[in-house]
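Participant: model this:
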Amino acid sequence: MRMFVAIVLLLSLLSGCTQAPKNGASPSAADPNRQVKVNQTAPQKKEITDPRAVADRLEQIAVSIPNVESANCVVFGNTAVVGINVPPGMDRAKVGTIKLSVAEALKKDPYGVDALVTADMDLAGRLQNMRTQMRNGRAINGFAEEMAAIIGRIVPQMPRDVTPPQTNQPQAATPK
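Facilitator: Numbering: from 1, shown residues only. Purely as a prediction, here's the structure:
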């Protein structure tokens, strides 16, 4: 009889070691070697072959959002940056909501899936300058000049990096 009780206890102990995980997941989900196949549902970004047409299209989508006064888009490579202008004095939270609305609208467009949206006035102005220079045939020069200006605003000036200008003028003698 003791042997029977010992065997029953041993079997119940061994069966208790194979319980489901405590977090409620099924035992098969805890298996790290198990592979799950998922269908891709996000829209795929299309290859940009005509940057000017894509820029015009994304600008029109952005302007169709309420409170967006104007938009400027610059396309380089397979990336688009859209700068939006909103009414002056608008609350920052409202600007953020408008920017999110523009991003959601662009997400529905195959060219706008990965577009970058900014409501910063300075960046939007620089994007407008870049767009104008690109349309005037100065794509590389205009892009390089504006990128240098943007980076110049981002890079901080450290006081220890400043060296006083060297002058070759002799010091004036002080009267004694």
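
Participant: helices of this structure, start to end?
Facilitator: 2-16, 51-63, 92-107, 121-135, 139-154 (DSSP state H).

Participant: how near is Tyr111 to Ile98?
Facilitator: Going from Tyr111 to Ile98 by CB to CB, to the nearest Å gives 21 Å. Using the backbone N, CA and C atoms, a C-beta is placed for each residue, glycine as well.

Participant: hmm, I was thinking of Gln35
Facilitator: From Gln35 to Ile98 the distance is 42 Å (CB to CB).

Participant: those two: which is more packed in?
Facilitator: Ile98 (21 against 5; other CB atoms under 10 Å).

Participant: surely the more buried one and Asn67 touch.
Facilitator: Yes: under the criterion of CB atoms under 8 Å, Ile98 makes contact with Asn67 at 5.3 Å.

Participant: between these two, what contacts are shared?
Facilitator: Val86, Met90 (CB atoms under 8 Å, 6 or more residues apart in numbering).

Participant: circling back to that earlier point, tabulate the helices of the chain (TSV), appending distance to Asn78 and mean pLDDT.
Facilitator: Listed next are those as TSV, based on distance: least, CB to CB, whole Å; pLDDT from 0 to 100:
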stretch	distance to Asn78	mean pLDDT
helix 2-16	56	62
helix 51-63	10	91
helix 92-107	15	90
helix 121-135	16	83
helix 139-154	15	71
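
Participant: make JSON lines out of these and add distance to Gly77.
Facilitator: Converted to JSON lines, the helices of the chain look like this (distance: least, CB to CB, whole Å):
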{"stretch": "helix 2-16", "distance to Gly77": "59"}
{"stretch": "helix 51-63", "distance to Gly77": "9"}
{"stretch": "helix 92-107", "distance to Gly77": "17"}
{"stretch": "helix 121-135", "distance to Gly77": "13"}
{"stretch": "helix 139-154", "distance to Gly77": "11"}
